[in-house]
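Engineer: Structure of the sequence below:
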Amino acid sequence: MKSKIINLIKNFTYILTANLISLLIATLIVLIVPKLIGVEDYGYWQVYLFYVSYVVFMHFGWSDGIYLRYGGKQYKELDKRLFFFSILYTYLFSGNNGYDYFNYGSAFSC
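Structural biologist: Residues are numbered from 1 along each chain as shown. Purely as a prediction, here's the structure:
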């Protein structure tokens, strides 16, 4: 029983420390980054982060379905061509293809 309480306190300390570090980093970003890059570019940065935060929904469970269907198979049994197109689909439609950089990169240039 005593080890459970010690373990609980230790885990609570980890959570509290992680949250405080996260709060400190977020505060520094909010206060310092606008001074370094300017308010307008910081606004573009925030809009970019807003849209990128929704990228995780753009795969529509594709990779999860692949894992569920082929998770127990050996590497030799997998259809490499199918996985190539699955990875290509994920790359093209999940927003990880650099589209934002090439179209909006000038807003972040110094």
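Engineer: low-confidence ranges in the chain?
Structural biologist: 56, 58-59, 90, 93-110 (pLDDT under 70).
Engineer: let's see 90
Structural biologist: Applying pLDDT under 90 to the chain flags residues 1-4, 26, 28-110.
Engineer: Distance check, Asp79 against Tyr67.
Structural biologist: 15 Å (C-beta to C-beta, to the nearest Å). Yep, even glycine has a C-beta here, placed from its N, CA and C like the rest.
Engineer: Kindly apply the preceding question to Met1 instead.
Structural biologist: On the measure of C-beta to C-beta, Met1 and Tyr67 end up 39 Å apart.
Engineer: go on, Tyr54?
Structural biologist: For Tyr54 relative to Tyr67 (C-beta to C-beta), the value is 22 Å.
Engineer: same deal with Leu28?
Structural biologist: With C-beta to C-beta as the criterion, Leu28 and Tyr67 are 37 Å apart.
Engineer: Over to Val55?
Structural biologist: When Val55 is compared with Tyr67 (using C-beta to C-beta), they lie 19 Å apart.
Engineer: and Ile21, how many residues sit next to it?
Structural biologist: 10 (other C-beta atoms under 10 Å).
Engineer: in what helix or strand does it lie?
Structural biologist: helix 2-37 (DSSP states H and E).
Engineer: coming back round to it: more crowded one of Met1 and Tyr67?
Structural biologist: Comparing Met1 with Tyr67 by other C-beta under 10 Å, the one with more neighbours is Tyr67, at 10 against 5.
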